[in-house]
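K.L.:
I'll drop the sequence and a predicted model, then ask my questions.
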Amino acid sequence: MKIRHKISIVAYPLLLLAVLAMSLFSEQAIQEVLIQGVISSGRAISLNLARNRETLQSFRLGEENRLLPLLQQVAESSGARYTMLLGPDGQVLAHTNVVERGKVYDDQATLQAISSSQPEYLRLEVDRQPLVDLSFPVWEVEQTEAGEEFVLLGKKDVRAQKRLGTVRIGLPLKEALNTAERISDQVFWIVALVSLSAVGISVFYLGRLLRPISLLSAAAERVAKGETSQTVPVLADDELGELARSFNHMTKELAATTVSKDFLDSILRNMQDLLVVTDAEGMIRLANQSTLELLSYREDELVGRPVGLLFAKGDQDFAGERLAPQVRELAGSREARMVGSRGAEVPVVLSLGTLAGGERPLEGFILTAADITERKEAEDQLRVSLEEKEILLKEIHHRVKNNMQVISSLLDLQSAKITDPLVRAPFLDSQNRIKSMALIHERLYQSEDLARIDFTDYLQLLAPRLFDSYQTSGQQVALHLEADPLSLEVSQAIPCGLIINELIANALKHGFPQGRRGNLRLRMQKTAADEVVLTVADDGVGLPADVDPTRTSTLGLQLVQVLTRQLKGGISVDRSAGTRFEVRFTWLK
């Protein structure tokens, strides 16, 4: 309901009440004024009785024939309906209606008139005619300073000797009331005309006052619909004009800093990714075109239905008619499988966000998803290709290991025909070198990781084999192996294995001659700085004093130097108690 209608509903009844009240009050006021006029004229006429010299004697004697003319004179001059003189006891001493003489009145009006010491008036109705009954006490005044005697009508004063009676005059009010009614009618129409004019003028100016507000309201509704460039005319240089200017400034800023709802809807509906908006319970409110096309749905088939309809049955987050409570805690993105209307599953990367939330109540969820069918197909193809390559690489490692075993066997067959131990020794060294490399390839094709080898496991296999190969029947050398859990890339594992092969072989061949007892310690550890420390130490006879490990002509120590450089590491030798070789290099993650 508009303001002008509300004002009209309130104003017109109030106006009518005001006019009626004013008419009523004005009529009563006019009646009172006119009645007072009648009363005043009646008093004035009654007071003339006091100036008649015969009045005192007539009142004393109570002679009707002398009082009646006086009463008739008063009645004629005032137009009174009746005039009477009552004795102190209420008996009619004289009356313009002579039949009333001698009667004693005991009605309430009479009792009030004869008992009051001052003039009284009452409104009465006699024969359905309105009257005002005036009563005046009549007092005898004697022995004035001038020696005069007269009667006093009205309020008793100090000169009054005794009360002679009461004069009552019944004055008609019909003419006064008719006059009051005519004046009241005139007042009513004047007030009504003025009030209607005032209301008409007020409505006119109210309409002009409310027009800018109506324009602002209509423009605000259009802005709410997304038409942010709306403006309103400035019709006056007042507060409403200031409001209109502020509104125009606001819409200008909105147009510059925001986009329309239609524009946003167009973006959301035409975006390539899938978009689904739900309420707080998980019921679908919006699905963009990409979602409808990919899943073969119409929008009316989805709106109002649970979002779990779009996901595979195994997805617990979206199972059932309502979203699972943990969905609200999901962050980031994850893979999921959405289901089309025909039951076909589509792999997607799903992200979930909330509408409102935080300090405000949760209003719903926004689900965005990207179709990753092609990516999944490519991953499957890549996985198959990788599996094929892994099989092929394992086969290569297996064949390399077999080829090295063949070479080792050939060397073994060749060395079996050689009787000279000095000639056979190089064959044995070469055999062990080949075996150490073959063992790496063997571990690789047996491992799940084709790029790295568990070097701790490798050492536990390599070291005993070397001991079995080099230790003579008379030697009693104990092996002590300490190795941290460590994996090495193939590029580091092969050089490292060859270095260990050479150092153990060198210790067993030269460190414990003629069946000497002793200990050989092999230790491999990784420091906090990602540095690998390989230590091969024995308590044998040690290196001869004239042998420089960095400039030796022996093939074994030359290989150790070359392989250490290949690892981009360093080597140090300690001869204080037997021989201790320490190789350090950086571990490749």
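P.N.:
Structure received.

K.L.:
What are the buried residues along whichever strand or helix holds residue 557?
P.N.:
Here residue 557 sits within helix 555-566, counting by DSSP states H and E. For helix 555-566, burial by neighbour count (16 or more other Cβ atoms under 10 Å) applies to 556-557, 559-560, 563-564, 566. Where you see a C-beta, it was placed from the backbone N, CA and C, and this is true even at glycine.

K.L.:
how about those residues in JSON lines, adding pLDDT and distance to residue 219?
P.N.:
Output for these, formatted as JSON lines (pLDDT from 0 to 100; distance: Cβ to Cβ, whole Å):
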{"residue": "556", "pLDDT": "81", "distance to residue 219": "97"}
{"residue": "557", "pLDDT": "84", "distance to residue 219": "96"}
{"residue": "559", "pLDDT": "86", "distance to residue 219": "92"}
{"residue": "560", "pLDDT": "88", "distance to residue 219": "91"}
{"residue": "563", "pLDDT": "89", "distance to residue 219": "86"}
{"residue": "564", "pLDDT": "91", "distance to residue 219": "85"}
{"residue": "566", "pLDDT": "90", "distance to residue 219": "82"}
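
K.L.:
Pick out whichever of those sits closest to residue 68.
P.N.:
Closest approach between these and residue 68, by Cβ to Cβ: residue 566, at 165.8 Å.

K.L.:
pretty sure residue 351 is in a strand, no?
P.N.:
Yes. Assignment of residue 351 by DSSP: H, G, I helix; E, B strand; the rest coil places it within a strand.

K.L.:
Quick check: residue 71 is in a helix.
P.N.:
Yes. The assignment for residue 71 by three-state DSSP puts it in a helix.

K.L.:
Report the contact partners of it.
P.N.:
Contacts for residue 71 were tallied using Cβ atoms under 8 Å, 6 or more residues apart in numbering; they are 83-85, 94-96.

K.L.:
One more: residue 269?
P.N.:
288-289.

K.L.:
How about the secondary structure of it?
P.N.:
Under three-state DSSP, the three-state class of residue 269 is helix.

K.L.:
quick one: it and residue 292, what's the gap?
P.N.:
Applying Cβ to Cβ, to the nearest Å, the value for residue 269 to residue 292 is 9 Å.

K.L.:
just to revisit the earlier point, adding distance to residue 247, secondary structure and pLDDT, write the contacts of residue 71 out as JSON lines.
P.N.:
Formatted as JSON lines, the contacts of residue 71 follow (distance: Cβ to Cβ, whole Å; DSSP: H, G, I helix; E, B strand; the rest coil; pLDDT from 0 to 100):
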{"residue": "83", "distance to residue 247": "81", "secondary structure": "strand", "pLDDT": "84"}
{"residue": "84", "distance to residue 247": "83", "secondary structure": "strand", "pLDDT": "85"}
{"residue": "85", "distance to residue 247": "86", "secondary structure": "strand", "pLDDT": "83"}
{"residue": "94", "distance to residue 247": "89", "secondary structure": "strand", "pLDDT": "83"}
{"residue": "95", "distance to residue 247": "86", "secondary structure": "strand", "pLDDT": "86"}
{"residue": "96", "distance to residue 247": "84", "secondary structure": "coil", "pLDDT": "85"}
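
K.L.:
quick one: which of those is most hemmed in?
P.N.:
Counting neighbours by other Cβ atoms under 10 Å, residue 83 leads the contacts of residue 71 with 29 neighbours.

K.L.:
quick one: contacts of the helix or strand encompassing residue 458?
P.N.:
For residue 458, the host element (DSSP H and E) is helix 455-470. When contacts are defined by Cβ under 8 Å, 6+ apart, helix 455-470 is touched by residues 428, 431-432, 435-436, 439-440, 443, 477, 479, 481, 483-488, 493, 496-497, 500-501, 504-505, 508-509, 522, 524.

K.L.:
how far off helix 455-470 does the helix or strand that it is followed by point, in degrees?
P.N.:
Downstream of helix 455-470, the first helix or strand assigned by DSSP H and E is strand 476-483. Between strand 476-483 and helix 455-470, the angle comes out at 170 degrees (axes from the mean of the first three to the mean of the last three Cα atoms, to 10 degrees).
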